[in-house]
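Turn this into a structure:
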Amino acid sequence: MTAPEIRQQFLDFFASKGHHIVPSAPIVVKNDPTLLFTNAGMNQFKDYFLGNRAPAWKRVADTQKCLRVSGKHNDLEEVGIDTYHHTMFEMLGNWSFGDYFKKDAIDWSWQLLTEIYKIPKDRLYVTVFEGDASENLEKDQEAYDFWKQHVPEDRILMGNKKDNFWEMGETGPCGPCSEIHVDCRPDNERALVDGKTRVNADDPQVIEIWNNVFMQFNRLKDKSLEPLPAKHVDTGMGFERLVRVLQGKNSNYDTDVFSGTIEHTEKLTGLKYGRTDSKQDVAFRVIADHIRAICFAIADGQLPSNTGAGYVIRRILRRAVRYYFSFLNQKKPLLHDLVPVLAQQFANVFPELQQQVDFVTKVVFEEENNFLRTLDSGIRRIEDFMGAAKQKAVDGRTAFELYDTYGFPYDLTSLIASENGFAVDEKGFEVAMKEQKDRSRAATELDMGDWTVLDENPVSVFVGYELSETETSVTKYRKIKAKGKEQYQLVLSQTPFYAESGGQVGDTGTLTFNGESINVTDTKKENNLIVHFVDKLPANISTTAKAVINRQNRLETTQNHSATHLLHAALRQVLGTHVAQKGSLVNPEYLRFDFSHFAKVADEELEKIENIVNEKIRANIPVVIKELPKDEAMKLGAMALFGEKYGDVVRVVIMDPAYSVELCGGTHIGATGELGLFKFTAESAVAAGVRRIEAVTGGNALAFVDAQLRQLKEIKTALKNPKDPITAVETLLQDKTSLEKQLEVLEQEKVRQLSAGLQKQVEQINGINFLGKIVEVGNADALKQLCFNLKNEIENHVFIFAANVGGKANVALMISENLVTEKGLEAPKIIKEKIAPIIKGGGGGQKSFATAGGQEAGQLDQVISQVKAIL
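Below you'll find the model as predicted:
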């Protein structure tokens with residue numbers, strides 16, 4: 001049975017049990033501050049469990065793309081070392097929202113595994129929650145009794161709270177769970193050692209395959225539990241593990257889930273997988289695993305970056321590069337060649353990757369290429385360190401610098417060090433790492449209290465498409481603390497405040513309670529709740545309130561949002577249909593639009609795009625908004641954004657059916673003429689294959705044009721009002737270039753004369769020809785030229801030249817090669833340790849030549865004296 005057949009059998013089985021089959025949610029999470037990535041199948045249903053939204057169906061099943069890089073069994077540095085843990089994985093799941101409970105969940109699990117998949121019953125073990133006296137939680141006798149109908153009691157094992165009580169997080173829905181484990185060992189091993197002793201014992205051949213979670217409780221901030229008003233079922237089965245079991249393989253990586261990627265990697269490298277249990281095999285597994293996480297995250301809208309979720313993806317990619325660089329002897333980008341292979345494999349189940357294969361390939365290639373260059377720099381850095389070290393040890397701070405600056409994981413530093421007979425201070429590295437994590441945690445930590453519920457009705461109605469103010473009431477509130485600042489979050493029964501979404505910022509405004517006005521500083525969406533941020537609570541929070549948005553901010557934000565739709569269509573018209581939105585920011589001041597494109601947008605292209613947008617504005621096209629079934633909307637040619645989650649009914653924004661049709665939940669103007677004017681302010685690169693345009697509309701566009709005209713007038717005045725200011729500026733630039741060339745010739749002659757005079761001023765210090773002078777030169781390059789002019793004229797030398805250039809200290813130090821070797825004198829070390837602190841600056845270079853620059857131009861005498869003292 002192939003992997004696609006196994007996946008389809010799961011979905012067909014639960015469809016036959018009355019479950020609605022839903023598509024996977026994006027792997028990148030939005031509107032949930034507790035998650036960066038989807039890490040479980042239940043994430044997209046979280047607001048059902050929390051009671052924030054009524055479920056569309058009572059029974060649901062799917063296969064969900066998940067990503068885990070931390071937590072139990074999910075340390076990133078361990079993935080690939082074993083054969084059954086992954087970063088990205090598929091989770092098959094079935095859910096009941098207040099419908100069936102333990103009996104049906106258990107019966108169907110057993111039926112699917114033993115009757116459909118035909119796993120031998122005597123290879124299956126189940127675990128049940130044993131209870132916990134400290135929480136006053138009883139044994140899950142109900143689940144135990146249902147399992148007894150299928151499984152002998154000696155294969156029903158009791159599990160503690162750690163293994164058999166599932167919690168969404170520190171707070172929220174939770175309950176006992178029942179795991180199903182399968183014993184994949186050969187019969188002779190099973191005869192020697194009872195399988196139940198290997199359950200939850202980290203045995204790679206006795207593995208958990210399915211978990212049934214029975215959500216019965218809600219965990220509060222004070223750690224107490226309260227019963228949920230409705231009981232739910234949440235199950236998850238690791239697809240990769242299931243395929244391994246059904247295909248009779250010893251490793252997940254031996255199945256057809258990974259074989260295509262591994263075989264292609266063999267072709268690219270000329271190496272074979274599976275011949276040894278070496279680092280080479282680990283590298284194959286790391287690549288096969290990591291390329292999936294990288295590709296699906298990028299396809300769902302998360303580009304690699306230096307912060308947040310983007311940094312996680314960058315770390316995963318760099319770990320894969322590091323493995324093929326170190327253990328497969330590949331020094332050029334490799335991962336990007338695997339993207340089309342993966343896209344083809346998943347074309348029928350996750351088509352978003354195939355639809356963006358060129359874009360994802362480009363992003364991966366650029367990320368690889370950039371890191372390979374960094375890798376070279378880092379290797380040179382550690383080699384320089386080891387060459388200068390007096391002891392055979394790399395201290396923890398240096399190891400951490402390599403990690404933090406060059407992306408070197410600790411084990412790569414350790415590997416390079418050990419190959420050169422060096423040890424690494426692992427404890428010191430961990431201390432430095434902990435310090436950084438503590439700093440990061442302190443900067444980002446969000447402390448949220450429990451909700452105080454005033455109205456049990458969970459519905460929060462958005463009326464802001466039609467209204468800018470409304471009468472409302474607070475249904476619940478809580479205190480939060482972020483970056484040391486206390487605020488409150490309010491949920492209203494109905495609200496005109498738009499919650500930040502789709503790039504559009506949240507509304508601001510006021511809430512008035514009995515004459516007391518409270519400022520709303522932001523509005524966000526969290527698990528389908530519209531959450532209003534305020535700095536204080538009213539005296540009487542239970543009374544009716546008047547909610548009023550900042551109308552001017554909303555108007556200008558709305559103008560900018562509608563402009564992004566016109567811009568998107570114009571970009572596709574001028575640059576090509578490969579253009580797709582990759583991010584946006586829409587606020588009252590300006591709009592920012594990120595899109596896929598592989599080259600800088602030329603000035604003439606920008607002019608065409610801007611002209612098209614302004615033509616559509618002058619045409620005053622009516623903006624038509626409809627709610628339609630998603631399939632019908634797509635037939636109209638509506639553009640959907642990759643990485644966004646859409647329901648069966650979608651909101652469609654139309655600005656001429658032949659020009660712009662998009663799925664969008666944002667606020668929009670009534671007709672394009674309301675934009676007035678559209679002007680570009682910037683075009684730049686964001687990441688590999690992604691460009692960014694910034695623009696202004698309406699009054700802000702007029703202000704921008706006025707500022708440009710004012711600057712032009714000032715330039716003309718400065719140029720004495722020439723008839724042709726462009727020609728006048730070009731003439732000035734030509735004159736400037738000519739003068740600079742003349743100055744350069746004069747400076748070179750001055751340096752030549754200086755060099756000749758300095759040869760007569762050499763001092764002998766301990767057999768070394770020392771020359772140290774403060775000189776008058778026009779630029780820092782002249783100091784370098786002095787050194788190289790004298791290099792071949794004076795043997796066995798140390799030169800130190802310093803100059804005050806524009807009020808800044810500039811220094812050049814040259815040491816002859818023989819002194820570097822014989823005396824251990826290294827120019828960069830002297831510059832960094834002895835000279836840079838004196839001039840309050842920094843510098844570096846190669847062993848025989850280095851430069852420095854700093855603020856303290858008055859300390860140049862001390863610089864010369866310091867080098868002299870070293871000799």
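
Any buried residues in stretch 681-696, and which?
Using 16 or more other C-beta atoms under 10 Å as the test for burial, stretch 681-696 gives Glu683, Ala687, Ala688, Gly689, Val690, Arg691, Arg692, Ile693, Ala695, Val696. In this view, the C-beta of every residue, glycine as well, is placed from N, C-alpha and C.

per-residue confidence for the last one?
Spelled out, it's Val696. On pLDDT, Val696 comes in at 98.

cool, and Val69?
For Val69, the model assigns a pLDDT of 84.

Next, it: secondary structure please.
Under DSSP: H, G, I helix; E, B strand; the rest coil, the three-state class of Val69 is coil.

What about it, how many residues nearby?
20 (other C-beta atoms under 10 Å).

Now do the contacts for the closest residue to it other than its chain neighbours.
Closest residue to Val69 apart from its sequence neighbours, by C-beta to C-beta, 6 or more residues apart in numbering: Leu76 at 4.6 Å. By C-beta atoms under 8 Å, 6 or more residues apart in numbering, the residues touching Leu76 are Val69, Ser70, Thr87, Arg315, Ile316, Arg319.

would JSON lines of those residues with distance to Phe346 be doable?
Formatted as JSON lines, the contacts of Leu76 follow (distance: C-beta to C-beta, whole Å):
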{"residue": "Val69", "distance to Phe346": "20"}
{"residue": "Ser70", "distance to Phe346": "25"}
{"residue": "Thr87", "distance to Phe346": "16"}
{"residue": "Arg315", "distance to Phe346": "23"}
{"residue": "Ile316", "distance to Phe346": "18"}
{"residue": "Arg319", "distance to Phe346": "22"}
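
Just the buried ones from these?
Among those, the ones that count as buried by 16+ other C-beta under 10 Å are Val69, Thr87, Arg315, Ile316, Arg319.

For the second one, which non-adjacent residue is spatially closest?
In this case it means Thr87. Using C-beta to C-beta, 6+ apart, the nearest residue to Thr87 is Ala293, at 4.2 Å.

Surely that neighbour touches Arg319?
No - Ala293 is beyond contact range of Arg319, at 10.1 Å (criterion: C-beta atoms under 8 Å).

now stretch 586-594, how far from the centre of its chain.
21 Å (C-alpha atoms, centre = their mean, to the nearest Å).

what does stretch 291-308 give?
6 Å.

give me every residue that touches Thr543.
With contact taken as C-beta under 8 Å, 6+ apart, Thr543 is in contact with Ser473, Phe513, Asn514.

any idea how far the first one lies from Gln494?
If I follow you right, that is Ser473. 9 Å (C-beta to C-beta, to the nearest Å).

How about the second one?
The span separating Phe513 from Gln494 equals 16 Å under the rule C-beta to C-beta.

go on, Lys525?
Applying C-beta to C-beta, the value for Lys525 to Gln494 is 15 Å.

Equivalent analysis for Lys223, please.
Taking C-beta to C-beta, one finds Lys223 at 34 Å from Gln494.

what's the answer for Val360, then?
41 Å.

Which one of those two is surrounded by more residues?
Between Val360 and Gln494, Val360 has the larger neighbour count (other C-beta under 10 Å), namely 26 against 18.

Next one, pLDDT for the more buried one please.
95.

In contact with it, which residues?
By C-beta under 8 Å, 6+ apart, the residues touching Val360 are Cys295, Ile298, Ala299, Val339, Ala343, Leu353.

Could you point out the helix or strand that follows the host helix or strand of it?
Using DSSP states H and E, Val360 sits within helix 357-388. Reading on from helix 357-388 to the C-terminus, the next helix or strand found by DSSP H and E is strand 393-394.

Just give the strands next to that next one in its sheet, each with its orientation.
Paired neighbours of strand 393-394 in the sheet (DSSP bridges): strand 423-424 (parallel).

what's the offset of the partner strand from the middle of its chain?
Counting by C-alpha atoms, centre = their mean, strand 423-424 comes out at 31 Å from the chain centroid.

tell me the mean pLDDT for that strand?
For strand 423-424, mean pLDDT is 90.

sorry, back to before: wait, is the residue nearest to Thr87 part of a strand?
No - counting by three-state DSSP, one finds Ala293 to be helix, located in no strand.

And it, how close does it get to Val574?
Counting by C-beta to C-beta - Ala293 and Val574 are separated by 34 Å.

can you check Ala56 too?
Computed as C-beta to C-beta, the Ala56 to Val574 distance reads 40 Å.

When these two are compared, which one has more neighbours?
Val574 (19 against 13).

ok, for Thr512, nearest residue in space, not its chain neighbours?
Nearest non-adjacent residue to Thr512 (C-beta to C-beta, 6+ apart): Lys546, at 4.5 Å.
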